[in-house]
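>>> Build me a model:
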Amino acid sequence: MKPDRSTDFLIIGAGFSGLVIAERLSAAGWKCAVVDRRKHLGGNAYDGIDQAGVLVHHYGPHYFRSNSPRIVAYLSAFTDWHAVSYTIKSHVRGRYWSFPINLNTFEEYLGRPAGSEEFRGWLKQNRIPIQNPKNSEQVIVSQIGRELYELFYEGYTLKQWQRHPCELDASVCGRIPVRTNRDDRYLAESFQALPKHGYTALFETMLNASPGVELHLGVESTEARARWKHKHLIFTGAVDEFYGRRFGDLPYRSLRFEPESFSARELRAREPISGKRGFWQPAMQVNYPGPEVPFTRIVEIKHATGQQVGATTIVREFPKDWKLGDEPFYPIPAPEARTSYLRYSALAATEPAASFIGRLATYQYLNMDQVTGMAIAEADKLISRYRSGLKCIRAYAQWTRRITSRNSEENGLHRKACHGTTLVN
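Numbering: from 1, shown residues only. Prediction:
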């Protein structure tokens with residue numbers, strides 16, 4: 001296939017990485033073509049109203065949070081926010097528990113009231129001292145001991161990753177806080193919110209503010225790279241796919257989602273369980289660590305969106321092994337997987353006219369604000385690198401407009417003179 005279109009930057013992937021870098025490059029005066037194999041923009045952050053009238057996240061919950069005022073300010077140009085304090089529960093031994101582990105969890109465990117000082121003393125007695133924990137099992141047992149680790153972490157991690165916590169990087173479980181007070185928030189970042197009208201609306205606003213960006217959906221990356229002549233490629237997909245998997249497949253985890261909606265009438269019968277009208281479960285997310293169910297969690301995102309609608313939708317999330325044709329949701333955070341990735345990373349480093357950004361292209365478990373920051377940083381580098389070329393293009397365009405304008409004026413005078421002569425005749 002011969003190139004039949006041209007652009008300055010060809011961007012593969014219309015998720016956070018691709019759309020943010022496209023907006024930044026467009027704002028600097030460059031033309032960008034963004035392509036995505038899916039029929040919608042937004043990547044895994046794509047959301048929308050389902051048949052029950054509920055705003056849902058189609059590819060699992062996306063809990064935006066950040067400690068970066070710069071990232072929040074940037075995205076705030078394209079959306080208003082709905083503040084959220086994300087709270088989750090864990091369903092173990094036939095009941096709901098507070099999670100992440102905090103003083104409320106400890107009281108539920110004891111079956112009586114307790115204080116922070118008692119909890120700290122209990123942790124000191126039960127934790128297993130490990131200096132410099134090297135994996136997820138070690139990092140958790142060194143904080144809370146083996147009993148609570150087995151109750152809340154071990155089974156969930158086995159289902160989610162199909163690997164024991166001792167085989168995974170310490171960061172996997174270590175990012176979940178343990179608190180000795182009653183702070184039951186799932187996350188600790190200073191800014192926690194969702195786009196007021198959803199992620200899809202945020203991305204649409206971003207595109208509307210980017211006149212230099214063309215979006216093409218339902219286009220495979222190989223076709224796009226053949227059709228668009230471009231000076232620089234930005235790739236946000238799986239890096240092993242980019243290189244034809246010449247060193248073999250990188251390992252990923254995939255997911256299957258099972259949504260179920262309930263009417264307002266059906267939800268009234270759930271009030272003793274959910275604790276409030278209009279909801280199916282007591283928190284936005286409920287983890288299921290036990291082997292008795294095949295899913296890892298049930299998400300009812302209506303808790304977080306603030307949407308005022310009588311119905312609700314829950315989504316059961318089933319992890320599964322990734323195979324060719326599946327969406328690769330999670331890079332595997334394990335040492336041997338990282339070693340395999342480094343072979344592809346070395347190849348990517350030799351591509352002067354290509355940039356690799358985002359979770360899959362860099363094979364990292366990144367949050368949305370981190371991906372946004374990565375895209376902005378890469379855009380800054382490219383703008384600096386190609387600035388002289390853009391200046392030449394702009395100077396040429398200005399010269400062309402001046403010449404065109406001058407020729408138009410001269411042609412106008414000529415036509416006026418001829419027109420006058422015809423009238424005289």
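>>> how does the chain divide into domains?
Listed domain ranges for the chain are 5-85+190-371, 101-174 (source: automatic domain parsing).
>>> do you know which of these lies nearest residue 385?
domain 5-85+190-371 (8.5 Å; Cβ to Cβ). For the C-beta atoms, the positions are set from N, CA and C on the backbone; glycine is no exception.
>>> so how far does that closest one reach from one end to the other?
29 Å (Cα to Cα, to the nearest Å).
>>> just how off-centre is that domain within its chain?
Averaged C-alpha coordinates place domain 5-85+190-371 at 4 Å from its chain's average position (Cα atoms, centre = their mean, to the nearest Å).
>>> mind checking how far residue 213 is from residue 204?
Distance from residue 213 to residue 204, counting by Cβ to Cβ, to the nearest Å: 12 Å.
>>> can you give me the helices for the stretch 101-250 of the chain?
Shown for the stretch 101-250 of the chain, the helices assigned by DSSP state H, counting those that start in this stretch span residues 103-110, 116-126, 136-144, 146-149, 155-161, 170-174, 199-208, 221-227, 239-242.
>>> Counting neighbours, which bits of stretch 269-287 end up buried?
The neighbour-count check on stretch 269-287 (16 or more other Cβ atoms under 10 Å) flags 270, 274, 278, 279, 280, 281, 282, 283, 284, 285, 286, 287 as buried.
>>> now stretch 186-198
Neighbour-count burial for stretch 186-198 [16+ other Cβ under 10 Å]: 186, 187, 191, 192, 193, 194, 195, 197, 198.
>>> ok, the nearest residue to residue 37 once chain neighbours are set aside to residue 239 distance?
In space, residue 37 comes closest to residue 220 once its chain neighbours are excluded; the distance is 5.3 Å by Cβ to Cβ, 6 or more residues apart in numbering. Distance of residue 220 to residue 239, given as Cβ to Cβ: 16 Å.
>>> Ok, residue 71 next?
24 Å.
>>> Those two: who's more crowded?
residue 239 (23 against 20; other Cβ atoms under 10 Å).
>>> How about the contacts made by the closest residue to the more buried one other than its chain neighbours?
Of all residues not flanking residue 239 in the chain, residue 344 sits nearest, at 4.7 Å (Cβ to Cβ, 6+ apart). Residue 344 sits next to 239, 240, 242, 243, 247, 250, 363 when contact means Cβ atoms under 8 Å, 6 or more residues apart in numbering.
>>> Mind checking the pLDDT average for the one helix or strand residue 344 maps to?
Assigned by DSSP states H and E, residue 344 belongs to helix 335-348. The average pLDDT for helix 335-348 rounds to 96.
>>> which element follows it toward the C-terminus?
strand 354-356.
>>> what's in contact with that next one?
Under Cβ under 8 Å, 6+ apart, the answer for strand 354-356 is 232, 233, 234, 235, 236, 239, 242, 348, 362, 378, 382.
>>> could you dump these to CSV with distance to residue 369?
Converted to CSV, these look like this (distance: Cβ to Cβ, whole Å):
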residue, distance to residue 369
232, 25
233, 25
234, 19
235, 21
236, 16
239, 22
242, 25
348, 23
362, 15
378, 15
382, 21
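>>> of these, closest to residue 258?
Nearest to residue 258 out of those is residue 236 (Cβ to Cβ; 27.5 Å).
>>> ranking the contacts of residue 344 by neighbours, who comes first?
When neighbours are counted by other Cβ under 10 Å, residue 363 leads the contacts of residue 344 with 26 neighbours.
>>> who's in contact with the residue nearest to that residue when sequence neighbours are not counted?
Leaving out its chain neighbours, the residue that sits closest to residue 363 by Cβ to Cβ, 6+ apart is residue 341, at 4.1 Å. The contact partners of residue 341, by Cβ under 8 Å, 6+ apart, come to 239, 250, 331, 363.
>>> Can you give me the buried ones in the helix holding residue 344?
Under 16+ other Cβ under 10 Å, the buried positions of helix 335-348 are 337, 338, 340, 341, 344, 348.
>>> ditto for stretch 107-124
For stretch 107-124, by 16+ other Cβ under 10 Å, it's 107, 108, 109, 114, 119, 122, 123.
>>> Let's have those in JSON lines, adding distance to residue 294 and pLDDT.
Below are the buried residues of stretch 107-124 laid out as JSON lines (distance: Cβ to Cβ, whole Å; pLDDT from 0 to 100):
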{"residue": "107", "distance to residue 294": "31", "pLDDT": "98"}
{"residue": "108", "distance to residue 294": "25", "pLDDT": "97"}
{"residue": "109", "distance to residue 294": "26", "pLDDT": "97"}
{"residue": "114", "distance to residue 294": "34", "pLDDT": "97"}
{"residue": "119", "distance to residue 294": "33", "pLDDT": "98"}
{"residue": "122", "distance to residue 294": "33", "pLDDT": "98"}
{"residue": "123", "distance to residue 294": "32", "pLDDT": "97"}
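>>> Would you mind listing the two of the residues you listed that lie farthest apart?
Farthest pair in these, by Cβ to Cβ: 108 and 123, 15.4 Å.
>>> The closest residue to residue 192 other than its chain neighbours: how many residues sit nearby?
Nearest residue to residue 192 in three dimensions, chain neighbours excluded: residue 65, at 4.5 Å (Cβ to Cβ, 6+ apart). Residues lying near residue 65 (other Cβ under 10 Å) number 20.
>>> quick one: residue 65 from residue 377, how far?
19 Å.
>>> ok, now residue 305?
Here the distance between residue 305 and residue 377 works out to 30 Å (Cβ to Cβ).
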